[in-house]
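Enquirer: Generate a structure from the sequence data that follows.
(chains A, B, C and D)
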4 protein chains.
Amino acid sequence: MSTQFQGVIPPVITPRHADGSIDTASLKNVTKHLIDGGVSGLFVLGSSGEVPYLTNEERELVVSTIADANAGAVPLIVGANEQTTNRVIEEARKVVDLGADAIVVTSMYYAIGNAAETETHFRSIHAAIEKPIFAYDVPVRTHFKLPTDLLVRLGRDGVIAGVKDSSGDDVSFRQLLLAAKDIPNFDIFTGHEVVVDGALLGGAQGVVPGLGNVDPAGYRRLFDAAQAGDWALAAREQDRLADVFEIVYTPNGGVSGGAAGLGAFKTALQVMGVIESNTMSSPMLSLNDSETAAIREILERNGLVEAS
Amino acid sequence: MSTQFQGVIPPVITPRHADGSIDTASLKNVTKHLIDGGVSGLFVLGSSGEVPYLTNEERELVVSTIADANAGAVPLIVGANEQTTNRVIEEARKVVDLGADAIVVTSMYYAIGNAAETETHFRSIHAAIEKPIFAYDVPVRTHFKLPTDLLVRLGRDGVIAGVKDSSGDDVSFRQLLLAAKDIPNFDIFTGHEVVVDGALLGGAQGVVPGLGNVDPAGYRRLFDAAQAGDWALAAREQDRLADVFEIVYTPNGGVSGGAAGLGAFKTALQVMGVIESNTMSSPMLSLNDSETAAIREILERNGLVEAS
Amino acid sequence: MSTQFQGVIPPVITPRHADGSIDTASLKNVTKHLIDGGVSGLFVLGSSGEVPYLTNEERELVVSTIADANAGAVPLIVGANEQTTNRVIEEARKVVDLGADAIVVTSMYYAIGNAAETETHFRSIHAAIEKPIFAYDVPVRTHFKLPTDLLVRLGRDGVIAGVKDSSGDDVSFRQLLLAAKDIPNFDIFTGHEVVVDGALLGGAQGVVPGLGNVDPAGYRRLFDAAQAGDWALAAREQDRLADVFEIVYTPNGGVSGGAAGLGAFKTALQVMGVIESNTMSSPMLSLNDSETAAIREILERNGLVEAS
Amino acid sequence: MSTQFQGVIPPVITPRHADGSIDTASLKNVTKHLIDGGVSGLFVLGSSGEVPYLTNEERELVVSTIADANAGAVPLIVGANEQTTNRVIEEARKVVDLGADAIVVTSMYYAIGNAAETETHFRSIHAAIEKPIFAYDVPVRTHFKLPTDLLVRLGRDGVIAGVKDSSGDDVSFRQLLLAAKDIPNFDIFTGHEVVVDGALLGGAQGVVPGLGNVDPAGYRRLFDAAQAGDWALAAREQDRLADVFEIVYTPNGGVSGGAAGLGAFKTALQVMGVIESNTMSSPMLSLNDSETAAIREILERNGLVEAS
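Expert: Numbers count the residues shown, from 1 in each chain, chains lettered A, B, ... in the order given. Reported below is the predicted structural model:
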């Protein structure tokens, strides 16, 4: 059963000027682009927002800029991304002061914990912070998979308000959906761009796709088709979005895996005229001209920019 | 585009007597149970059939027993499970002589290969064996994920006739479905029990569920609903099957992960009266009485045995 | 060829009062215990110092307390532990202001980088910070193994002054020792407690053992024996220290792997009367009475406390 | 405490003619080269012998050829390399009939086991086979690390006669050496080429280096220096051998990791005139002319071939 947090909630990218400074004008444009595209919430300071690369000052600037541009239009779910419990709590207090309607918390990282410590971690943060908490399951970064039974227990006890799943484990995702079905006001999101139709068919309440920065309206159509029970239409839209997602495979070896995906989103938004530059946070490299041309071609064939 | 190989194709379990010897009578019963349940093919000598634990003599006995019981009713897809290319070819020749309509081949294991060697591996086997070859992607066992572009290239060149995916990577699975859409006579199966509705919505041609040993008719209903475009019904059947799948989580620590899943399937079939004993291949332990009681309860609540 | 940074350089633990606050008096005692034990440097804000669990304020308190207690006796090598380049630079500036003689930097974590980004990472930090930089190779935490050729190149270019190796990869460690043999003023440390004799035989300049908190004099004897070429004596001392290291295996399942090792060091120091409490940073649990008794027994049989 | 199995026991490579067939004449030459180099045993059908790539017929040919060439000169320790318990037992019976003095057994692979099943695995094989059994710990291939306490228990109970460690985990290796110190007739070997001096300093009884095919006399000198307590000499010889080991890093991307190492050993032996061809088992590629030239240079600078 769901609450105010559902639907399409893209993790907002963080534009930079060519000199590396945060580009607040472009960030406002992205926010407008997303709201215009029909999203129902914004996930701020997520991995797609390059949160690990932002200094503390930059993190504050990003949250306040988006909060200004959003002006209460949709809820803001904001990452409190830090290594361990007490550091998360300090970070969470900051983002709540800046306007977060809910916070997103991973398991600890760099630290080597276990399930019991992870439970204490979430319970301690809940005790310290008054906003709803979403557990973010992203083992490719934290190297710890949040156990399904722990998530269900935290949900039943009101410690967490939902889960953002980027685990890459569709089996445990389906089992979480089933096990949490009767928890009131509990929302489960998939973070994977190309399997949203199946996730919604299985009962997910929302989707947090990095690619939603590029095509928010496409994800909104997919979500609406699913809500209407038109699964064939949802699958066709998903297949189209999976083709758009090919932009993340255009980088040809010069950049890291992380920079490839995020760089592709930024480059697409630059090609579409939404942001000024595709500059990445240091030390990530930005995509080059030939990669940009390949991305333009994919955007053209999917109707996201006019043929040049 | 699909061929004769599609639909529900369970990986047949291998029953043993309590003394550890292969129970051919029970194996014939399982075969009949599956065909009666409406399956469209049988996957023989798969992981669910405990193929790594079978001696060469036992492997031959299993294939010939199923071939006899099947009597040509449905196609037999048989695993040629060996460490490296030349060993696979020898194994494949044996199972083809015993009646395999197609063979299933993994990447090399124990050996440490790469993508280029894996390509040579499949091409060499194709050159040596006249039957269709299905690539089996099971990195949890082989520790090598078959790359999507390699699978597509092998498909286009007619080296492989399809893919059985047990990779646990739903993103690459969807991308494979899209990339292979226009290859004629190419069939893609998911090996994951609880995400079949989403896999079929994405365009998969078949499903190879270990749990299909226990409830072949349930998977047939799910497949038929998907074929008819009734995705809500497919999802409901999937949710029911996901609940049946809970039998694999009943073992409480005394057995290995491998023995838990396969042991649960065997125990369920024993409770259902299809096989005589739930004895596992050594050194795997068999499930005990309390685990059996928990499995019975799950079967009862899902209508697979009558309440006791 | 070595510089001022060599010998025994333990990663200083961070004592807490039972209420969880930093215990600066005990921290000063530990510092004195180490210097009295004959160490030639102190590694501050390392994993053994629970750096991921310390708030920013606590980190500053720890560095300034140790700097006060040390009073210039031995060099301070201080961790600048943050997720990415610019965050590391901000952290490094803080600890240099607080008295660091050198800083210790890992590859990025949570962020997903590659070798090229990692090279930029170290070069950017070197350009911003005037103190010597030690690369800390700890893939069990960062999930990225620093490549040997990168470390050698950074060493030759004067970007890094050495390496602290906690990679658990003795083959690459030996190859690093060989490849870096002719770099002037380049120091390589092993972070593994029980293979120090072999590391020194292979040419390592120093050792950074967590267990050195407990028995600094033992490591000093081991180092001195190696310097004197008495390898049989070094091996005997190593075997004794390997037995002391058994304290980390006394925890019986109630705590995480991280809490077990660090908890054992703290508990041993409490038993030895060096610190007041064995309290761990939240959410880690502290070792209990029976675990403490087992640790006491190991300390007794190795002459580190008197038999009770 | 040691038995007949100690010292330098290289894993014998398997030469092939350019047409891919086993080259028995070259295999006899390798055997003679090793015995002349002063080895104290031969490890047959190991990973360096390409055992996963050999058909059953080829495996028999290799063992019988080496047994003939050896003519009882040194003990033969032979791999019984199969997926699971009963398959290992069948394989072990074959190699014992062909002349094995001891067998080498890994944990199960492809199969997914646990520690309890692994214990049953070794105990069942011991019950079936009368020859001494060495446990081979090679998690990079089996993806299961043999636990130290299990190895010690199997040693004390006389189930295994020793351990060949290729785990890459020097910490657990040292702990095994300490824990097994008082087991009579128990021999522990390291399989890592470049850390032999440290392993012997820690108490290992032997070494099974793939590089020992190329320079058996070098490893014999290293072992003799260690036996004589001249550790500085041992370390110098180790450093020289580590430089010879650089041959495995000459392949420049065209071959897999497995083919690089084994291909380098074969290519070196071809350059040295010991074998006819450096042909690898299919689907592994053989090293090319430029890689061969690079290997020749390394051999020349280490005095293993005359300068050309």
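
Enquirer: ok, now how distant is the residue nearest to residue A:100 when sequence neighbours are not counted from chain B?
Expert: Excluding the flanking residues, the one nearest residue A:100 by CB to CB, 6 or more residues apart in numbering or on different chains is residue A:78, at 3.7 Å. No exception for glycine: its C-beta is placed from N, CA and C like everyone else's. Distance, residue A:78 to chain B, using CB to the nearest CB, to the nearest Å: 26 Å.

Enquirer: So which bits of chain A are right by chain B?
Expert: Neighbours of chain B within chain A, by CB under 8 Å from any CB of the partner chain: A:168-171, A:174-175, A:178, A:192-195, A:197-199, A:201-203, A:229, A:231-232, A:234-235, A:238-239, A:242-243.

Enquirer: Strands of chain A, start to end?
Expert: Using DSSP state E, the strands of chain A run over residues A:7-8, A:42-44, A:76-79, A:102-106, A:133-137, A:162-165, A:187-190, A:206-207.

Enquirer: Now tabulate those strands in TSV and tack on mean neighbour count.
Expert: Shown next, in TSV, are those (neighbours: other CB atoms under 10 Å in any protein chain shown):
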stretch	mean neighbour count
strand A:7-8	24
strand A:42-44	29
strand A:76-79	29
strand A:102-106	26
strand A:133-137	25
strand A:162-165	28
strand A:187-190	27
strand A:206-207	26
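
Enquirer: mind putting those in TSV, mean pLDDT and distance to residue C:305 included?
Expert: Formatted as TSV, the strands of chain A follow (pLDDT from 0 to 100; distance: least, CB to CB, whole Å):
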stretch	mean pLDDT	distance to residue C:305
strand A:7-8	98	62
strand A:42-44	98	53
strand A:76-79	98	47
strand A:102-106	98	41
strand A:133-137	98	44
strand A:162-165	98	48
strand A:187-190	98	53
strand A:206-207	98	57
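
Enquirer: TSV for the ones you listed, including distance to residue D:59?
Expert: As requested, the strands of chain A are exported to TSV (distance: least, CB to CB, whole Å):
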stretch	distance to residue D:59
strand A:7-8	59
strand A:42-44	57
strand A:76-79	56
strand A:102-106	49
strand A:133-137	46
strand A:162-165	47
strand A:187-190	49
strand A:206-207	53
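
Enquirer: show me what contacts the residue of chain A most remote from its centre?
Expert: For chain A, the largest distance from the centre (CA atoms, centre = their mean) belongs to residue A:308, which lies 30.5 Å off. Listed by CB atoms under 8 Å, 6 or more residues apart in numbering or on different chains, the contact partners of residue A:308 are A:296, A:300.

Enquirer: Next: residue A:122.
Expert: Applying CB under 8 Å, 6+ apart, we find residue A:122 in contact with A:105, A:133, A:135, A:154, A:159-160.

Enquirer: Find me the pLDDT at the spatially closest residue to residue A:244 that is not a sequence neighbour, would you?
Expert: Residue nearest to residue A:244 in three dimensions, not counting chain neighbours: residue A:302, with 4.9 Å by CB to CB, 6+ apart. Note for residue A:302: predicted pLDDT of 97.

Enquirer: How about residue A:3?
Expert: With respect to pLDDT, residue A:3 scores 56.

Enquirer: Over to residue A:120?
Expert: Value listed for residue A:120 in the pLDDT field: 98.

Enquirer: All the helices of the stretch 151-300 of chain A, residue numbers only.
Expert: With helices called from DSSP state H, counting those that start in this stretch, the stretch 151-300 of chain A shows them at A:170-179, A:196-201, A:216-227, A:231-244, A:257-271, A:289-301.

Enquirer: Compare these and give me the one nearest residue B:289.
Expert: Evaluated over these, closeness to residue B:289 peaks at helix A:170-179, with 26.0 Å, by CB to CB.

Enquirer: what is the orientation angle of that closest one with strand A:133-137?
Expert: Using axes from the mean of the first three to the mean of the last three CA atoms, to 10 degrees, the inter-axis angle of helix A:170-179 relative to strand A:133-137 is 150 degrees.

Enquirer: so how many other residues sit close to residue A:73?
Expert: By other CB atoms under 10 Å in any protein chain shown, the residues close to residue A:73 number 15.

Enquirer: Over to residue A:40?
Expert: Neighbours of residue A:40 using other CB under 10 Å come to 17.

Enquirer: hang on, the earlier thing: run a quick neighbour tally on the residue nearest to residue A:244.
Expert: Residues near residue A:302, counting by other CB under 10 Å: 18.

Enquirer: ok now do residue A:15, which residues does it touch?
Expert: By CB under 8 Å, 6+ apart, residue A:15 lies in contact with A:22-23, A:26-27, A:30, A:266, A:269, A:275-277, A:279.

Enquirer: In contact with the residue nearest to it when sequence neighbours are not counted, which residues are there?
Expert: Among residues not flanking residue A:15 along the chain, residue A:26 sits closest, at 3.7 Å (CB to CB, 6+ apart). By CB under 8 Å, 6+ apart, residue A:26 lies in contact with A:15, A:274-277.

Enquirer: Tell me the residue of chain A that sits nearest chain B?
Expert: In chain A, the residue that lies nearest chain B is residue A:198 (2.4 Å; CB to the nearest CB).

Enquirer: pretty sure that residue is in contact with residue B:201, am I right?
Expert: Yes: Residue A:198 is in contact with residue B:201 according to CB atoms under 8 Å; the separation is 5.8 Å.

Enquirer: who's more crowded, these two?
Expert: Between residue A:198 and residue B:201, residue A:198 has the larger neighbour count (other CB under 10 Å), namely 30 against 25.

Enquirer: gap between that one and residue B:64?
Expert: According to CB to CB, to the nearest Å, residue A:198 and residue B:64 sit 39 Å apart.

Enquirer: Then residue A:130?
Expert: Distance, residue A:130 to residue B:64, using CB to CB: 68 Å.

Enquirer: Same drill for the two, tell me which one is more crowded.
Expert: Set side by side, residue A:130 and residue B:64 show more neighbours around residue B:64, with 15 against 8, by other CB under 10 Å.

Enquirer: If we ignore the residues flanking it in sequence, what's nearest the more buried one?
Expert: In space, residue B:64 comes closest to residue B:98 once its chain neighbours are excluded; the distance is 5.3 Å by CB to CB, 6+ apart.

Enquirer: Surely residue A:8 touches residue A:38?
Expert: Yes: if you go by CB under 8 Å, residue A:8 and residue A:38 touch, sitting 7.1 Å apart.

Enquirer: what is in contact with these two at once?
Expert: With CB under 8 Å, 6+ apart as the test, residue A:8 and residue A:38 both reach A:216, A:220.

Enquirer: Present the contacts of residue A:15 as CSV; the columns should include pLDDT and distance to residue D:214.
Expert: Shown next, in CSV, are the contacts of residue A:15 (pLDDT from 0 to 100; distance: CB to CB, whole Å):
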residue, pLDDT, distance to residue D:214
A:22, 98, 57
A:23, 98, 58
A:26, 98, 60
A:27, 98, 60
A:30, 98, 60
A:266, 98, 51
A:269, 98, 56
A:275, 98, 57
A:276, 98, 59
A:277, 98, 55
A:279, 98, 51
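
Enquirer: Okay then, goodbye and thanks.
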